[in-house]
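Undergrad: pasting the sequence and the predicted model now:
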Amino acid sequence: MTIAPHRTATPAAESLELLHTMLEEQFALHTNRLTELIVYGRLPGRGGYSPHSLDVLAAAARQSIADTAAALRRMTEGTYGICNNCRRPIPLGRLRVLPHTRYCTQCDAGGPE
Ligand SMILES: [Zn+2]
């Protein structure tokens, strides 16, 4: 959590483009991961996973897919990069690390969600 307190405006078009690419890559990655886990679940040895781990991992992958899809949707809607709680712009440094985040550092640390 060391985000330099420089500019906190909504991400510039250039940065948004980059973040959009990152989100699309993550979306593809998690989708592939989920597919892989589903395939493992059908194998006799489940790829070495226990049914419980497969469930946990698949749930995590589904959550990531949902988070990433929601972030891409917010980009389309023009609400991307705004904290869902305090409505302030989320610092670009944070978006680069967590492109799918809906909260600024402060709200994420203290908020119930
Ligand atoms: Zn906030």
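TA: Perfect, thanks for sending it.
Undergrad: show me the contacts for Pro11.
TA: 19, 80-81, 92, 95 (Cβ atoms under 8 Å, 6 or more residues apart in numbering). All C-beta spots, glycine's among them, are computed from the backbone N, C-alpha and C.
Undergrad: same thing but at 10 Å, please
TA: Going by Cβ atoms under 10 Å, 6 or more residues apart in numbering, Pro11 touches 17-20, 75, 80-81, 89-92, 95-96.
Undergrad: do Ala66 as well
TA: Counted by Cβ under 10 Å, 6+ apart, Ala66 has contacts 30, 100.
Undergrad: pretty sure it belongs to a helix, no?
TA: Yes - assessed with DSSP: H, G, I helix; E, B strand; the rest coil, Ala66 lies in a helix.
Undergrad: what are the buried residues along the helix or strand encompassing Arg94?
TA: Using DSSP states H and E, the element containing Arg94 is helix 92-97. For helix 92-97, a neighbour-count test (16 or more other Cβ atoms under 10 Å) marks 92-95 as buried.
Undergrad: and it, how far out from the chain middle?
TA: 11 Å (Cα atoms, centre = their mean, to the nearest Å).
Undergrad: ditto for stretch 98-113
TA: For stretch 98-113, the distance to the chain centre is 11 Å (Cα atoms, centre = their mean).
Undergrad: is the ion contacted by it?
TA: Yes - looking at stretch 98-113 against the ion by Cβ under 5 Å from the ion, the contacts come from 104, 107.
Undergrad: give me the three-state assignment for the one residue sitting closest to the centre of the chain.
TA: Note on the chain: the residue nearest the mean C-alpha position is His100, at 3.2 Å, using Cα atoms, centre = their mean. Here His100 is recorded as coil under three-state DSSP.
Undergrad: okay then, goodbye and thanks.
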